[in-house]
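Visitor: With the sequence up front, the predicted model follows.
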Amino acid sequence: MMKSTRGVMGAKLIKIVFFGKYFFRRLHGRGRGERHRLICTAGSDKIRFMQEFRRGSVLGLFTLLLMFTNPDVKAREQTGFSIEKAPFGSAPDGEAVDLFTLKNPKGITVKVINYGAIIYSVEVPDRNGQTANITANCASLADYERRSPCFGALIGRYANRIAGGRFTLDGHEYSLPLNGGPNHIHGGPKGFDKLVWHAEPVQVHDLVGLKLTYTSKDGENGYPGNLTCTVLYELNNRNEWKMDYSATSDKATPINISNHAYWNLAGVYSGTVLDQVLTVNADRYLLADSTLIPTGDIVPVEDTPLDFRTPHVLGQRISLIKEKQFGGGYDHCLVVNHKTPGDLVLAAKLKDPKSGRTMEVFTTEPGVQIFTANFESGAFMGPSSYVYPRHLGVCLECQHYPDSPNKPNFPSTILRPGQTYHATTVHKFGVEP
């Protein structure tokens with residue numbers, strides 16, 4: 001007996017639906033490499049599935065019922081990860097700015113705005129399960145635009161300083177705006193921290209993330225080349241916050257991307273960070289001149305206030321830093337110990353003894369700039385009119401060395417056409433007794 005066209009199509013549709021659900025169940029819970037292998041062998045999976053289908057599997061009938069309850073969404077909900085988007089105002093040119101809230105199943109919430117790719121807040125529990133925001137922020141977009149010392153911001157094209165705002169590359173001298181005294185700092189007065197990035201949410205079964213992209217045009221802030229930048233923020237179920245940076249350019253250009261979050265594990269609205277304990281995996285640091293430009297000398301940390309190879313309270317030796325250029329606190333670049341250049345290693349660990357919160361910082365970068373927010377009390381304000389004190393937090397800025405384009409003995413920061421810049425920093429949050 002001939003089957004109707006509708007009947008044949010219906011039977012095929014049911015088989016496709018069954019196979020889709022069958023294959024989704026096999027992919028769910030697998031690692032990325034395993035998912036790729038399963039996708040590549042989907043053809044043999046389909047044969048095995050159709051054999052099961054012909055045998056009239058009871059599980060298959062149950063699966064068909066689940067398809068009508070949007071199982072893809074339910075599976076994501078069951079992981080405990082979520083990402084939400086809300087408006088956060090408009091940039092001066094009228095471009096919309098959004099706030100993205102990322103959550104993992106362990107009680108950590110990270111909020112990001114696509115203006116400056118800024119980490120707005122990081123809320124983590126203490127040893128008693130009490131949650132607090134541990135990174136400094138502003139109350140509004142207007143404050144980020146006019147009254148922020150780069151709170152939580154992505155810094156580029158070049159994090160830290162370039163002496164005199166000048167460098168020579170392939171025989172051509174480039175001039176950059178001077179926005180840090182006699183030097184260029186953090187990419188200029190309108191660096192990556194003052195721009196709106198394109199944001200795309202990312203969600204798979206074992207993490208939630210946000211992909212942000214921006215193209216810096218040739219000549220922007222004096223830098224050569226059209227530079228396409230991507231940062232991928234990821235929050236996983238191991239309580240790790242990963243920042244993965246990549247970029248390409250059509251001309252040779254310096255590049256040094258970092259994040260400028262100010263950390264206070266007691267809660268950023270609780271006072272200073274000086275009673276928290278810091279450990280840094282660094283045997284050496286960069287000597288700097290009176291304008292914080294490295295002299296080119298790399299010297300041991302031993303017998304200096306910069307020796308954090310064993311844990312030290314941040315405020316314990318801060319008064320020993322007498323040089324005027326450091327502003328009464330730490331503002332130094334330490335050389336991270338790497339077995340192989342570019343490997344991901346533990347750079348630093350911060351602990352708050354009162355709350356038990358800890359933060360380990362892993363990076364591929366050669367340096368970490370330690371900055372203890374040496375501003376005068378009241379220089380900046382946070383939400384609910386909170387007045388930030390002096391030493392409100394500590395920055396652990398993983399990056400290449402300052403002024404590398406002018407220091408041939410430093411690791412190169414030059415990106416050329418056909419190459420891909422790549423750097424990774426991971427913050428792992430925890431608690432200790």
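Guide: Great, that's in hand. Numbering: from 1, shown residues only.

Visitor: State the number of residues packed around the closest residue to Gly356 other than its chain neighbours.
Guide: Leaving aside its sequence neighbours, Gly356 sits nearest to Arg127 (Cβ to Cβ, 6 or more residues apart in numbering; 3.3 Å). For every residue, glycine as well, the C-beta is placed using N, CA and C. If you count neighbours by other Cβ atoms under 10 Å, Arg127 ends up with 15.

Visitor: Would you agree Arg127 is in contact with Thr358?
Guide: No: contact criterion Cβ atoms under 8 Å: Arg127 and Thr358 do not qualify, at 10.0 Å.

Visitor: Quick check: neighbours shared by those two?
Guide: Residues touching both Arg127 and Thr358 by Cβ atoms under 8 Å, 6 or more residues apart in numbering: Val431, Glu432.

Visitor: What's the end-to-end length of stretch 324-336?
Guide: 25 Å (Cα to Cα, to the nearest Å).

Visitor: Give me the buried positions along that stretch.
Guide: Residues of stretch 324-336 classed as buried by neighbour count (16 or more other Cβ atoms under 10 Å): Phe326, Gly327, Gly328, Gly329, Tyr330, Asp331, His332, Cys333, Leu334, Val335, Val336.

Visitor: check contacts around the fourth one.
Guide: In this structure, Gly329 makes contact with Ile318, Ile321, Phe371, Thr372, Ala373, Asn374, His391, judged by Cβ under 8 Å, 6+ apart.

Visitor: Only the buried subset of those residues, as a ChimeraX command please.
Guide: To isolate in ChimeraX the members of the contacts of Gly329 that are buried, counting by 16+ other Cβ under 10 Å, one can use:
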select :318,321,371,372,373,391
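
Visitor: Adding pLDDT, write the contacts of Gly329 out as JSON lines.
Guide: Below are the contacts of Gly329 laid out as JSON lines (pLDDT from 0 to 100):
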{"residue": "Ile318", "pLDDT": "98"}
{"residue": "Ile321", "pLDDT": "97"}
{"residue": "Phe371", "pLDDT": "98"}
{"residue": "Thr372", "pLDDT": "98"}
{"residue": "Ala373", "pLDDT": "98"}
{"residue": "Asn374", "pLDDT": "98"}
{"residue": "His391", "pLDDT": "98"}
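
Visitor: tell me which of the contacts of Gly329 is nearest to Ala159?
Guide: Phe371 (11.5 Å; Cβ to Cβ).

Visitor: pretty sure the closest one contacts Leu334?
Guide: No: here Phe371 does not reach Leu334: they are 11.3 Å apart, not a contact under Cβ under 8 Å.

Visitor: Helices - which of the contacts of Gly329 land there?
Guide: If you go by DSSP state H, the contacts of Gly329 have nothing in helices.

Visitor: Counting only strands, which of the contacts of Gly329 make the cut?
Guide: Phe371 (DSSP state E).

Visitor: and of the contacts of Gly329, the nearest to Thr295?
Guide: Nearest to Thr295 among the contacts of Gly329, with distances taken as Cβ to Cβ, is Ile321, at 16.9 Å.

Visitor: gap between the closest one and Asn237?
Guide: For Ile321, the distance to Asn237 (Cβ to Cβ, to the nearest Å) stands at 40 Å.

Visitor: next one: Gln325
Guide: Distance of Gln325 to Asn237, given as Cβ to Cβ: 43 Å.

Visitor: cool, and Pro411?
Guide: Pro411 is 34 Å from Asn237, where distance means Cβ to Cβ.

Visitor: neighbour count winner among these two?
Guide: Per other Cβ under 10 Å, whichever of Pro411 and Asn237 has more neighbours is Asn237, with 16 against 13.

Visitor: Contact partners for the more buried one?
Guide: Asn237 touches Thr79, Gly80, Phe81, Asn104, Pro105, Lys106, Asp206, Leu207, counting by Cβ under 8 Å, 6+ apart.

Visitor: quick one: low-confidence ranges for the chain?
Guide: The chain contains residues with pLDDT under 70 at 1-78.

Visitor: What are the structural domain limits within it?
Guide: Here the domain parsing of the chain from automatic domain parsing is 5-76, 83-431.

Visitor: Name the helix or strand for the residue nearest the centre of the chain, please.
Guide: Centroid check for the chain by Cα atoms, centre = their mean gives Met243 as the closest residue, at 3.0 Å. Using DSSP states H and E, Met243 sits within strand 240-249.

Visitor: what residues are up against the residue nearest to Gly356?
Guide: Counting by Cβ under 8 Å, 6+ apart, Arg127 has contacts Ser355, Gly356, Arg357, Val431, Glu432, Pro433.

Visitor: Now the phi/psi pair for it, please.
Guide: phi -70, psi -20 (degrees, to the nearest 10).

Visitor: how many other residues sit next to the residue lying closest to Arg416 once chain neighbours are set aside?
Guide: In space, and not counting its chain neighbours, Arg416 is closest to Ala252: 4.8 Å by Cβ to Cβ, 6+ apart. Residue neighbour count, defined by other Cβ under 10 Å, stands at 15 for Ala252.

Visitor: Same check on Asp170?
Guide: Neighbour count of Asp170, defined by other Cβ under 10 Å: 9.

Visitor: which residues in the protein form helices?
Guide: Along the chain, counting by DSSP H, helices occupy 5-27, 32-40, 42-54, 58-67, 71-79, 141-146.

Visitor: packing partners for the last one?
Guide: Helices and strands in packing contact with helix 141-146 are listed as strand 82-90; criterion 3 or more Cβ pairs under 8 Å, 6 or more residues apart in numbering; DSSP states H and E.

Visitor: which among the buried residues of stretch 324-336 gets closest to Asn183?
Guide: Asn183 has its nearest neighbour among these in Asp331, at 13.3 Å by Cβ to Cβ.

Visitor: show me what contacts the closest one?
Guide: Counting by Cβ under 8 Å, 6+ apart, Asp331 touches Leu292, Gln325, Gln369, Ile370, Phe371, Thr372, Asn374.

Visitor: Which phi and psi values does the first one adopt?
Guide: Backbone geometry at Leu292, expressed as degrees, to the nearest 10, gives phi 70, psi 20.

Visitor: mind checking how far the nearest residue to it once chain neighbours are set aside is from Gly181?
Guide: Leaving aside its chain neighbours, Leu292 sits nearest to Gln325 (5.6 Å; criterion: Cβ to Cβ, 6+ apart). According to Cβ to Cβ, Gln325 stands 10 Å off from Gly181.
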